[in-house]
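In: Build the 3D model from these lines:
(one chain, ligands or ions: 2)
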Amino acid sequence: MLALGKLLELTLAGREPAQKIQLTVDGVQMRWLSDGALEVRPPEARDNGSDLLLSSGIHGNETAPIELLDRLLHGIARGEIKPRTRILFLFGNPEAMRRGERYLELDVNRLFNGRHEKNIGPEAMRAAELEQLARSFFSQPGRSRLHYDLHTAIRGSKIEQFALYPWKEGRQHSRRELARLSAAGMQAVLLQNKTSITFTAFTYEQLEAEAFTLELGKARPFGQNEGVDVSRLETRLKQMIEGNEPENDSLDGLQLFAVSREVIKHSDAFLMHLPADVENFSPLDKGYLLAEDVAKTRWVIEEEGARIIFPNPKVKNGLRAGILIVPATDAGLA
Ligand SMILES: O=C(O)CCC(=O)N[C@@H](CCC(=O)O)C(=O)O
Ligand SMILES: [Zn+2]
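Out: Ligands and ions are numbered 1, 2, ... in the order given. I've put the predicted structure just below:
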């Protein structure tokens, strides 16, 4: 296999390859751009005009998505997967990956859309670099732009695999993209309704890409991901890369949710009244006191059909400690 196919090994070892550009047997160019960043370019005659950004390891301990991208890259480097799309592979937080931690000092996925400028340290610099790599990748006019940022969650989930779809004023969520996600094994999509500071919010809001955060199961260390079944996503990604994806516009039982409220932790006095092992998508009854914070702030459930995702009272002050979601319909899709 070509040495650049071993991007994960290079990244975990913190090594820069001597040879930055390599060609596969059938003329696909692999170009190392930076730590954990590699561009794949098909021969011009095979290029179908699609640009696909695949990122994982934004949280260093979320290894199933890292292993999935590693397998795809191996397949390309060996000539077994024959791309017709341009692809940018990104491992988001190499140092956190090396240490097996979500992040070192700052959560990279809270540093986009202007936030890295207000912070210092390696993770703020990495978020700036990731923005630049994505901006440059998506700078060619007239090509379709898609970004999947792959994650696994801290806790178990009543709905195992789901996507989060960013929001931008004046832009409608795409039914075709949701059908694609359904075919890739996603069981639910959370439609956001305000701007955000995550990586996919940046590529969606600023680079005009279709962009999704995909949650694929529970986070485990490298080599322990038998419980995370990414087979449907992997099959679909290969089809997307090879440009032979079956056409399908059925949402096929995909459950849709909207954000009702983001629970923001304001102080060290923040208290969340949920068991430590509560699963994502757990329903919450009307009237339930979910959380309390400084100055008698109380988060009481008012919504019909409310559920909680990503509850985490340990986040830094000022950040999201959970999302309250409610069922949504497909009425607003384009
Ligand atoms: O399990 C958790 O609490 C977090 C899992 C995770 O990393 N999720 C992403 C979602 C990003 C988004 O909102 O699009 C995150 O929190 O960064
Ligand atoms: Zn994550």
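In: touching ligand 1 at all, stretch 208-216?
Out: Yes. Against ligand 1, stretch 208-216 shows contacts by C-beta under 6 Å from any ligand atom at T213. In short, each C-beta sits where N, CA and C put it, glycine included.
In: which residues sit against that stretch?
Out: 51, 53, 64-65, 68, 138, 145-153, 157, 160-166, 174, 177, 181, 186, 189, 198-201, 203-204, 228, 230, 233, 280 (C-beta atoms under 8 Å, 6 or more residues apart in numbering).
In: Mind checking which of these are buried?
Out: 51, 53, 64-65, 68, 138, 145-153, 157, 160-166, 177, 181, 186, 189, 198-201, 203-204, 228, 230, 233, 280 (16 or more other C-beta atoms under 10 Å).
In: Also near ligand 1: which of these, exactly?
Out: H151, A153, L164, T198, T200.
In: So the third one, which state does it fall into?
Out: Per DSSP: H, G, I helix; E, B strand; the rest coil, the secondary structure class of L164 is strand.
In: looking at it, it is touching F199, isn't it?
Out: No. Using C-beta atoms under 8 Å, L164 is not in contact with F199; the gap is 11.1 Å.
In: Narrow the contacts of stretch 208-216 to those in helices?
Out: A64, P65, L68, E177, L181, F199, T200, A201, T203, Y204, L233 (DSSP state H).
In: Out of these, which is nearest to R41?
Out: Using C-beta to C-beta, the shortest approach to R41 within those belongs to T203, at 19.1 Å.
In: Enumerate every residue touching that closest one.
Out: L53, A134, F138, R145, H147, A209, A211.
In: The second one: neighbour count?
Out: A count of neighbours around A134, defined by other C-beta atoms under 10 Å, yields 25.
In: Could you tell me the model confidence score at the residue lying closest to it once chain neighbours are set aside?
Out: Excluding its sequence neighbours, the residue lying closest to A134 (C-beta to C-beta, 6 or more residues apart in numbering) is T203, at 5.5 Å. Here, the pLDDT recorded for T203 equals 98.
In: separation between T203 and A209?
Out: 4 Å (C-beta to C-beta, to the nearest Å).
In: Can you tell me the number of residues neighbouring the residue nearest to H59 when sequence neighbours are not counted?
Out: Leaving aside its sequence neighbours, H59 sits nearest to R102 (C-beta to C-beta, 6+ apart; 4.6 Å). Burial of R102 is recorded as 17 neighbouring residues (other C-beta under 10 Å).
In: got the contact list for R102?
Out: H59, G60, N61, E62, A96, I154, A219.
In: just to revisit the earlier point, rebuild the ones next to ligand 1 among the buried ones among the contacts of stretch 208-216 as JSON lines, extending it with distance to M272 and pLDDT.
Out: Formatted as JSON lines, those follow (distance: C-beta to C-beta, whole Å; pLDDT from 0 to 100):
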{"residue": "H151", "distance to M272": "21", "pLDDT": "98"}
{"residue": "A153", "distance to M272": "16", "pLDDT": "96"}
{"residue": "L164", "distance to M272": "20", "pLDDT": "98"}
{"residue": "T198", "distance to M272": "21", "pLDDT": "98"}
{"residue": "T200", "distance to M272": "25", "pLDDT": "98"}
